[in-house]
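A predicted structure for the sequence below; I have some questions about it.
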Amino acid sequence: MTNQRLFLDIHAIQTVPPSNINRDDTGSPKTAQYGGVRRARVSSQSWKRAMRTYFHDNSAETNVGIRTLEIVKYVAEKIQAIDSSMDNEEAMNLAEKVLNAAKIKTKDQRAKALFFLGDTQAKKLAEAAINGNEDKKELQQILKDNPAIDIALFGRMVADDPTLNEDASSQIAHAISTHAVQTEFDFYTALDDLAPEDNAGAGMLGTLEFNSSTLYRYGNVAVHELIKQLDSKEAVLNTLKLFIESFSNSLPTGKINSYANQTLPQALVVSLRTDRPVNLITAFEKPVNSSCGNVSESIKKLFDELRKVEKFADKPEFTLYIAVDKFDKLSEDGFEEESLRDLLDSFAVRVNKLFTEELDE
């Protein structure tokens, strides 16, 4: 390491069968033009939402944020958790009063716009409300301190008061297919279970749009910025591990009951860089064109690009990867791990060592 800039890059190749996990306003699967052909696309917002849901469902981390219009109700629940003698009306009025004192605008005891608030921040606001604290500066400081891990990673924008904004330390790219796709239509009918046996007609009929794809996914974290936000190396390390785990195992749920497209990545690559983050989508500017599966060719192109970018970028501090199949030469590019759990353990050991060597200076 030559400086204290530290970036986590994470890449995944993930195949998805017929599905419509992220659709546009007309119900069609989202697409994008890249490299001269139409690609399947899943928006970054969609996958970030899936990752935040994963944080709530699969993590022991308690300081996770809530983004909601019902911010008054959320703080009121924290007030009642501290003082169970307070009834709902009194708690709601107290919560709205403290939020308004912090210059968060409400109407009919709801925020005027979605507001992102961490669990710890909500508890401290509740304490301030009970103590009768109406000092704007102190209340706004509560909203700036102790950001939830997802607020630190994905950021917060408050249009009414930009001083409450939180810069995101992570970026998630729109996932796109490594190959050309064509949207298809599923014509379906539903039968009436109680219809007469001589009635051959359908109870209803319709169409659903879908496509199939092998996606390239990419995200990064500015670790040095996350350290400033969370102010704890242990919290940063746990957050990075959770970020990697959720990036791998989360999945947007659009139309999932219709398609059951519950897949996991076929390859996951994690690098730690000191110069800058590098998106390897350039590997697929020329689309994969295979008649016998896209996954293997996509993984090969991904690792080829990992080598090519070293013409411009520094070599990563380290690279860890998991791949479902064995490929020649991949071991030259990093350390292969047997499972996601092994990768997370190895990542923690290596990052801890870097923290000790450099970031304490």
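Structure's in. What do you need?

Now name the helix or strand holding residue 343.
Per DSSP states H and E, residue 343 falls inside helix 340-354.

roughly how far is that helix from the heart of the chain?
20 Å (CA atoms, centre = their mean, to the nearest Å).

repeat for stretch 146-161
Taking CA atoms, centre = their mean, one finds stretch 146-161 lying 14 Å from the centre of the chain it belongs to.

repeat for stretch 262-270
Taking mean C-alpha positions (CA atoms, centre = their mean), stretch 262-270 and its chain are 14 Å apart.

residues making contact with it?
Outside stretch 262-270, the residues that touch it by CB atoms under 8 Å, 6 or more residues apart in numbering are 8-17, 217, 244, 248-249, 251, 256, 295, 298-299, 302-303, 306, 319-325, 334, 340, 343, 347. (Each C-beta comes from the backbone N, C-alpha and C, glycine too.)

and residue 283, what is it in contact with?
Residue 283 is in contact with 178, 216, 301-302, 304-305, counting by CB under 8 Å, 6+ apart.

Among those residues, which ones are in strands?
Residues of the contacts of residue 283 located in strands (DSSP state E): residue 216.

With distance to residue 124 and pLDDT added, can I get the contacts of residue 283 in CSV?
Putting the contacts of residue 283 into CSV (distance: CB to CB, whole Å; pLDDT from 0 to 100) gives the following:
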residue, distance to residue 124, pLDDT
178, 46, 98
216, 41, 98
301, 49, 95
302, 44, 95
304, 50, 93
305, 46, 95
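
Could you measure from the closest residue to residue 352 other than its chain neighbours over to residue 6?
Distances taken as CB to CB, 6 or more residues apart in numbering put residue 237 closest to residue 352, at 6.7 Å, once the chain neighbours are dropped. Relative to residue 6, residue 237 is positioned 12 Å away (CB to CB, to the nearest Å).

Residue 164 now?
Distance, residue 164 to residue 6, using CB to CB: 27 Å.

Could you do residue 20 as well?
Residue 20 is 38 Å from residue 6, where distance means CB to CB.

Mind checking which residue lies nearest the centre of the protein?
residue 48 (2.8 Å; CA atoms, centre = their mean).

That one in helix, strand or coil?
helix (DSSP: H, G, I helix; E, B strand; the rest coil).

that older thread, got the phi and psi for the residue nearest to residue 352?
phi -60, psi -40 (degrees, to the nearest 10).

from what I can see it touches residue 348, true?
Yes. With contact defined as CB atoms under 8 Å, residue 237 reaches residue 348; the gap is 6.0 Å.

more neighbours, those two?
Taking neighbours as other CB atoms under 10 Å, residue 237 and residue 348 compare with residue 237 leading, 19 against 14.

For the more buried one, give me its contacts.
By CB under 8 Å, 6+ apart, the residues touching residue 237 are 348, 351-352, 355.

ok so, going back, neighbour count: residue 164 and residue 6, which is higher?
Neighbour count, other CB under 10 Å: between residue 164 and residue 6, residue 6 has more, with 23 against 18.

is it true that the more buried one touches residue 274?
Yes. Using CB under 8 Å, residue 6 makes contact with residue 274 at a distance of 6.1 Å.

Where does the residue lying farthest from the centre of the chain fall, secondary structure wise?
No residue in the chain sits farther from the centre than residue 198, which is 51.7 Å out by CA atoms, centre = their mean. Residue 198 is located outside every helix and strand, with elements delineated by DSSP H and E.

Next, please give the residue ranges for the strands of the stretch 51-200 of the chain.
65-68, 106-107, 110-111, 115-118, 170-172, 175-177, 184-190 (DSSP state E, counting those that start in this stretch).

picking that back up, hmm, which of the contacts of stretch 262-270 are the buried ones?
Neighbour-count burial (16 or more other CB atoms under 10 Å) is assigned, among the contacts of stretch 262-270, to 8-16, 217, 244, 248, 251, 295, 298-299, 302-303, 306, 319-323, 334, 340, 343, 347.

quick one: residue 174 from residue 159, how far?
24 Å.
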